[in-house]
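Enquirer: Sequence and predicted structure below; questions after.
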Amino acid sequence: MSSTCNVTRNLEYSCIDYLRDNLQSGMSLNVEKSFEKIYAKPLPSLFLRVEDTSYDFAEIGSDLVTRKPILYVDLFCQNEGQRMDYKDWFVLILRTGFPYYDYVIANNGTVSSKTVNGRVKVLEIRDTPLSFLDNRDKLDIHDLYRSQIVMTLSLGRVE
């Protein structure tokens with residue numbers, strides 16, 4: 001038996017697939033949607049999730065909405081230069097949007113099928129380097145050169 005993913009999981013999977021498909025020659029980047037796994041991965045790594053969504057009513061008196069999900073991306077790098085390079089690459093790749101797919105997941109947790117169902121538009125991008133200034137010598141290596149990128153997205157449709 002398989003299950004169809006909802007919009008939030010479809011957004012995460014669509015973004016991950018798009019990033020993996022657009023890695024440049026020589027780029028090595030682990031992409032995860034599980035925070036627990038990120039610290040076990042070698043650097044550079046990227047943790048991606050859709051956590052917050054606002055819903056704007058499409059018209060007065062209607063219960064139809066337009067969805068504006070927020071994509072959070074934490075980028076974990078080996079040094080400051082790599083952090084800046086990957087951050088810029090990420091914004092460059094995603095700022096024009098990416099294909100949105102409907103995914104079906106098999107019982108074993110793997111994707112059994114995906115069907116294109118529109119395009120994700122990026123409405124806003126915020127980029128913040130995360131600086132843990134206190135006790136930097138005690139930080140895990142994953143947290144020394146870290147950025148967070150926050151993107152407001154739109155599916156461009158009424159639900």
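Expert: Structure's in. What do you need?
Enquirer: give me the number of residues near residue 87?
Expert: For residue 87, the neighbour count with other C-beta atoms under 10 Å is 19. C-betas here are computed from N, CA, C, even on glycine.
Enquirer: And for it, nearest residue in space, chain neighbours not counted?
Expert: residue 147 (4.9 Å; C-beta to C-beta, 6 or more residues apart in numbering).
Enquirer: Tell me, how many residues neighbour that neighbour?
Expert: 20.
Enquirer: Residue 155 too?
Expert: 19.
Enquirer: which ones are touching it?
Expert: With contacts defined as C-beta atoms under 8 Å, 6 or more residues apart in numbering, residue 155 is in contact with 7, 66, 67, 100, 118, 120, 121.
Enquirer: just checking, residue 11 touches residue 68?
Expert: No. Using C-beta atoms under 8 Å, residue 11 is not in contact with residue 68, being 11.4 Å away.
Enquirer: between these two, which one's more packed in?
Expert: Ranked by neighbour count (other C-beta under 10 Å), residue 11 and residue 68 place residue 11 first, with 24 against 16.
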